[in-house]
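1. Curious how this folds, go ahead:
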Amino acid sequence: MLRGLRLILLSLLVFCAGASLPARADVVVSFYSHDFGDRFPHAFIVMKGRLDASGEAVDASYGFTATSVSPAILFGSVKGHVESSNPDYIAKSDRQFSVTVDDATHARLVAKVREWSERKQPSHNLGKRNCVHFVMELAEIVGLKVNRNSKYFKKPRSFLGEVRALNPQLG
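-> Residues are numbered from 1 along each chain as shown. So this is what the prediction gives:
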């Protein structure tokens, strides 16, 4: 009887120890486009989830845009910045696809966002460094194939459609 009680207590101890382990958590990165309107960015990402190592909640969005939208963006480089989109803007945008990333990939994404945030000004150029170029680099970080010679750098939805076509696992 004592042996049976020990076995039950040991089983209970193992069960409780396992229950206190943190659950596997990942961050889902969704790629969005917003093709027309008076607000930018037109291509951006949304990250939601929890980090495995710390359990920290992740709920952020990032897009790259010109600081001031004016005809000057048509003629060359202008000041640019990374900005977050509000929930209403996100809701009115089109989620093109999502991927799940681990903590290390999340950290690389955050570092790339910081790199774009800290670029020397003027940092936005409609033909060379716009919102689509920004999400292209983020797509590469999460392991997606991209066409660096795409003809869609001024067409966010088309560019993300091209990324989806290059990555059949996205469905």
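2. report the longest strand in the protein, please.
-> In terms of residue count, the longest strand belonging to the chain (DSSP state E) is strand 57-66.
3. ok, it: who's next to it in the sheet?
-> Note on strand 57-66: by DSSP bridges, its sheet partners are strand 43-50 (antiparallel), strand 80-83 (antiparallel).
4. Residues contacting the last one, please?
-> Residues lying outside strand 80-83 but in contact with it, judged by C-beta atoms under 8 Å, 6 or more residues apart in numbering, are 41, 62-67, 113, 116-117, 119, 121-124, 129, 134. (Glycine included, C-beta is placed from N, CA and C.)
5. Would you mind checking those for buried ones?
-> Neighbour-count burial (16 or more other C-beta atoms under 10 Å) applied to the contacts of strand 80-83 gives 41, 62-66, 113, 116, 122-124, 129, 134.
6. Please produce CSV containing the residues you listed, extended by distance to residue 142 and pLDDT.
-> Shown next, in CSV, are the buried ones among the contacts of strand 80-83 (distance: C-beta to C-beta, whole Å; pLDDT from 0 to 100):
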residue, distance to residue 142, pLDDT
41, 18, 60
62, 13, 98
63, 16, 96
64, 17, 96
65, 21, 94
66, 25, 94
113, 13, 98
116, 16, 98
122, 28, 97
123, 23, 97
124, 23, 96
129, 20, 97
134, 13, 98
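7. Looking at the residues you listed, which is nearest residue 105?
-> Of all the buried ones among the contacts of strand 80-83, residue 113 has the smallest distance to residue 105: 12.8 Å, by C-beta to C-beta.
8. The closest one: what's it in contact with?
-> Contacts for residue 113 were tallied using C-beta under 8 Å, 6+ apart; they are 62, 82, 138.
9. circling back to that earlier point, residue 100: which of the strands paired with strand 57-66 is closest?
-> Closest to residue 100 of the strands paired with strand 57-66, according to C-beta to C-beta: strand 43-50, at 7.7 Å.
10. what comes into contact with the closest one?
-> Strand 43-50 is contacted from outside by 25-34, 56-64, 85, 90, 93, 95, 100, 106, 109, 131-132, 134-135, 138, 156, 159-160, using C-beta under 8 Å, 6+ apart.
11. Buried ones among those?
-> Neighbour counting by 16+ other C-beta under 10 Å classes 25-27, 29-34, 58, 60-64, 85, 90, 93, 106, 109, 131-132, 134-135, 138, 156, 159-160 among the contacts of strand 43-50 as buried.
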